[in-house]
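J.: sequence plus predicted model, see below.
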Amino acid sequence: MTPEFDSAFLSQARLGIVSVLVARGTATFPELKDLLRLTQGNLGAHLRRLEEARYVTVRKEFVGRKPRTTASLTEAGRAAFKRHIATLETILRNGER
Amino acid sequence: MNTEVASNDLMYIREVLERIHRCVDPHAWHFVWWGTIVMLWYPTHNLMQLNLLPDWKLPLLVVALTLGSLGSGLFGWRMRRRRRLAASNTFISRQIVMVVWSCGGAAILLSVLGPLTEIFPGKLVPLIWGFAYAHIAFGVGVVYSREYLVSAAVIFAGCIGAMFRPEFNGLILGPCMGLGMIVPGVISERRVRKMGAEESSGDDA
C-alpha cells in the first residue's frame, strides 16, 4: 500500500518551518529565516502555504515602527506533522519505492 | 516518494532541530565573571605562597569571594531584567544550571569539608575547583555548545599540570580556568546578543 502524503510537507522548507514550530511553539520571521537559511520572499511564500492549510497562524504587529511577523503552530499542524513523520518512517522501514 | 527522499527529509528535520538546540541563553556572564576572578586570584595567591608578594592570602580570599558573589548577584539581577529570547530552549538552560550547581555544589562541600575533616590538605582546594570548572565546562559543552568542550580540555590539562607542579598550581590553574571560562562565555554572550537583536528587530533583520 502506498502511504498518503500531505502536500504541505512535500517541500523541505515547509518541513523545516513546522519542525521549528514543533520544537518552539512560535518563531519570528527573522528567526525562521536565520534557522532555515531562506530568503525573505521564499519564507513568506511557504508560510502562506502553511497558513492556507491551517497548520500555522501568522500574527503581524509593530515593534516601534518596524513590522514583526510571528508564526505559531496550530493543533492541526502538529497532528499533521506527526502523521508525516510516521509516514516517512514507514517508507524507510518498508524500503518502499 | 522513495526511501532516499524520506531519509533526506528526516535528516533535514534532525539538522533543523540541532540548529534550534543552540538557541539558548546560558547566562554566560557568570562564567566570564568567575573566570576573571579566578584568573586574578589564583596566580596572586600562588605568588604569595612563593613569598614573592606580601602574605595577604586570607584578605585576598575574602575579597575574591565577595567580589565574585556581588558580581554574580548583579549579573543575575541584570540578566533577569534582560528580555528572554522568545524562542529560547529553556530545557537546555535548566540543564546548564543543574550542571553548574551539581559541580559547583560538590566543590563547595569538598573545599570546606575536606580540609576541616583533614581528609585532604587545604592546598588541594584550588585543584578541586579546577576539576569542578572542567566538569562544568564539559557538561555545558555536552548540552549546549562545543567551545566549552575545548575549554574543558584546557582546564583538565591545567589540573594535570598543577598536580605535577603543585608549587605553581595557582600560576598554572589561574590562566587555564580563567581563559577556559572567559573565552567561551564571551562567545556565548555575543551569540545571545545577536539572537536578541534579531528578535527585537523587524522582519527585515
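T.: Great, that's in hand. Numbering: from 1, shown residues only, chains lettered A, B, ... in the order given.

J.: okay, now the unreliable bits of the chain?
T.: Assuming you mean chain A. A:1-4, A:96-97 (pLDDT under 70).

J.: not quite, I wanted chain B
T.: Checking chain B against pLDDT under 70 turns up B:1, B:82-90, B:198-205.

J.: buried residues, the helix ranked longest in it. List them.
T.: The helix that spans the most residues within chain B, counting by DSSP state H, is helix B:169-200. By neighbour count on 16 or more other Cβ atoms under 10 Å in any protein chain shown, the buried set for helix B:169-200 is B:169-186, B:188-189, B:191-192, B:195-196, B:198-200. C-beta coordinates here come from the backbone N, C-alpha and C atoms, glycine included.

J.: repeat for stretch A:62-69
T.: Applying 16+ other Cβ under 10 Å to stretch A:62-69 flags A:Arg68, A:Thr69 as buried.

J.: please state the offset of it from the chain centre?
T.: The chain centroid and the centroid of stretch A:62-69 are separated by 22 Å, computed with Cα atoms, centre = their mean, to the nearest Å.

J.: the residue most central in space within chain A: helix or strand, and which one exactly?
T.: For chain A, A:Val18 is the residue whose C-alpha lies nearest the centre (Cα atoms, centre = their mean; 2.8 Å). Element membership of A:Val18, judged by DSSP states H and E, is helix A:12-24.

J.: dump that helix to CSV, restricted to CA.
T.: The C-alpha coordinates for helix A:12-24 follow below in CSV (Å, rounded to 0.1, in the frame of the first residue of the first chain):
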residue,chain,number,x,y,z
GLN,A,12,11.8,20.8,2.8
ALA,A,13,11.4,24.5,3.6
ARG,A,14,7.8,23.9,4.9
LEU,A,15,9.0,20.8,6.7
GLY,A,16,11.7,23.0,8.3
ILE,A,17,9.2,25.7,9.3
VAL,A,18,7.0,23.2,11.0
SER,A,19,9.9,21.4,12.7
VAL,A,20,11.0,24.8,14.2
LEU,A,21,7.4,25.5,15.4
VAL,A,22,7.0,22.0,16.8
ALA,A,23,10.1,22.5,18.9
ARG,A,24,9.4,26.0,19.9
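
J.: surely B:Gly174 touches B:Gly35?
T.: No - with contact defined as Cβ atoms under 8 Å, B:Gly174 does not reach B:Gly35; the gap is 9.8 Å.

J.: quick check: the residue in chain A positioned nearest to chain B vs A:Thr28, distance?
T.: Per Cβ to the nearest Cβ, the residue of chain A with the smallest distance to chain B is A:Lys66, at 2.8 Å. Distance, A:Lys66 to A:Thr28, using Cβ to Cβ, to the nearest Å: 11 Å.

J.: can you list the residues of chain A near chain B?
T.: A:5, A:9, A:12, A:15-16, A:19-20, A:23-31, A:34-36, A:40, A:63, A:66-70, A:85, A:88-89, A:91-92, A:95-97 (Cβ under 8 Å from any Cβ of the partner chain).

J.: so how far is stretch A:67-84 off the chain centroid?
T.: With Cα atoms, centre = their mean, you get 6 Å for stretch A:67-84.

J.: typed the wrong thing, it's stretch B:9-17
T.: 30 Å.

J.: what are the buried residues along it?
T.: Quick answer for stretch B:9-17 (16+ other Cβ under 10 Å): B:Asp9, B:Leu10, B:Tyr12, B:Ile13, B:Val16.

J.: what's the helix or strand for the first one?
T.: B:Asp9 is part of helix B:3-21 when elements are defined by DSSP H and E.

J.: residues making contact with the helix or strand just after that helix?
T.: Scanning forward in sequence from helix B:3-21 by DSSP H and E, the next helix or strand is helix B:29-49. By Cβ atoms under 8 Å, 6 or more residues apart in numbering or on different chains, the surrounding residues in contact with helix B:29-49 are B:53-57, B:60-61, B:64, B:67-68, B:71-72, B:75-76, B:78-79, B:100, B:126, B:129, B:133, B:167-171, B:173-175, B:177-182, B:184-186, B:188-189.

J.: roughly how far apart are B:Gly170 and B:Phe31?
T.: Counting by Cβ to Cβ, the gap from B:Gly170 to B:Phe31 is 20 Å.

J.: ok, back up a step: quick check on the residues of chain A next to chain B: which are buried?
T.: A:9, A:12, A:15-16, A:19-20, A:23-24, A:27-31, A:34-36, A:68-70, A:85, A:88, A:91.
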